[in-house]
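Asker: 3D model of this:
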Amino acid sequence: MPKICLDAGHNNSGADTGAAGNNLREELLTLDICQRIKALLELNDFEVVMTREGDFVNGPHNTVNESLQTRCNIANKAEADLFISVHINAGGGTGQEIYICGGGGQAEKFAKISLYYLLQQCAWKDRGVKTSNFLVLENTTMPAILTENGFIDNAADASLLRAEDFRQKIAVAHAKAICDYYKQTYNDKQAPVSSPTAEALSSIVNKISAEDDSHLTDKTKQALVLLKQAIKLLEESR
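Answerer: Reported below is the predicted structural model:
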């Protein structure tokens, strides 16, 4: 399966910190979103490399350029197939935009797919796909994009970004775009949750019934009766 490098923009302190506004910090939001994307991609059988899994990028970061180059080095060394740097914008605007290094290649193709899903999932204002000479786009050896997901200094955007369910929407959009780029059906399967067996339930009920039930309320006793009936139905349905 393809190997995806996720870059949670900025560090928690030092030279390469992100934007702040409306009591939010970019570097915390980007890490949260990337962790969500990672979980979704792994459910879809992608291999994922993270440039940052905590407060700092996984390598030298004493200067901004050093921090940025470390991110490129991680992706290049891992021989990742795609590089996605996740950011939150600032500067008084609103909406979604995506940056690539130059037009006409696989990065532009992937950026357009990503923009489609981000607009669909999040209903952002469309700010388009743009080109820039950002270091993480220039110095990576695979198709690379940088997503700017709303504006942290815009009260309305910040209100959305503050909500966990909205950040999950951003993550789902990124994951769906990656699946689409590789012509793979997106699967939102979840890890199976095992149900208690009839034997396990029966053991619990029998233990409770064997004890002094004088402390149990009438409602609790009625619930135990219903549970016993449910266990019987489970056993008969085998």
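Asker: Not counting sequence-adjacent ones, nearest residue to Ala78?
Answerer: Val49 (4.5 Å; C-beta to C-beta, 6 or more residues apart in numbering). (C-beta placed from N, C-alpha, C; glycine too.)
Asker: meant to ask about Ile145
Answerer: The spatially closest residue to Ile145, leaving aside those adjacent along the chain, is Ala111, at 4.7 Å (C-beta to C-beta, 6+ apart).
Asker: Give me the pLDDT for the one you found.
Answerer: Note on Ala111: pLDDT of 98.
Asker: just checking, it touches Ile98?
Answerer: Yes: judged on C-beta atoms under 8 Å, Ala111 makes contact with Ile98 at a distance of 4.6 Å.
Asker: mind listing what the spatially most central residue of the chain touches?
Answerer: Nearest to the mean C-alpha position of the chain, by C-alpha atoms, centre = their mean, lies Arg36 at 1.9 Å. By C-beta atoms under 8 Å, 6 or more residues apart in numbering, the residues touching Arg36 are 167-168, 170-171.
Asker: So it versus Asn73, what's the distance?
Answerer: 25 Å (C-beta to C-beta, to the nearest Å).
Asker: Please apply the same query to His61.
Answerer: 12 Å.
Asker: do Ala177 as well
Answerer: Distance from Ala177 to Asn73, counting by C-beta to C-beta: 25 Å.
Asker: Could you check which of the two has the larger neighbour count?
Answerer: Higher neighbour count among Ala177 and Asn73: Ala177, with 28 against 17, using other C-beta atoms under 10 Å.
Asker: Where does the prediction get shaky in this structure?
Answerer: Within the chain, the stretches with pLDDT under 70 are 190-216, 219, 230, 232-238.
Asker: how about the strands of it, start to end?
Answerer: Along the chain, counting by DSSP state E, strands occupy 3-8, 20-21, 24-25, 47-50, 82-89, 96-100, 126-131, 144-151.
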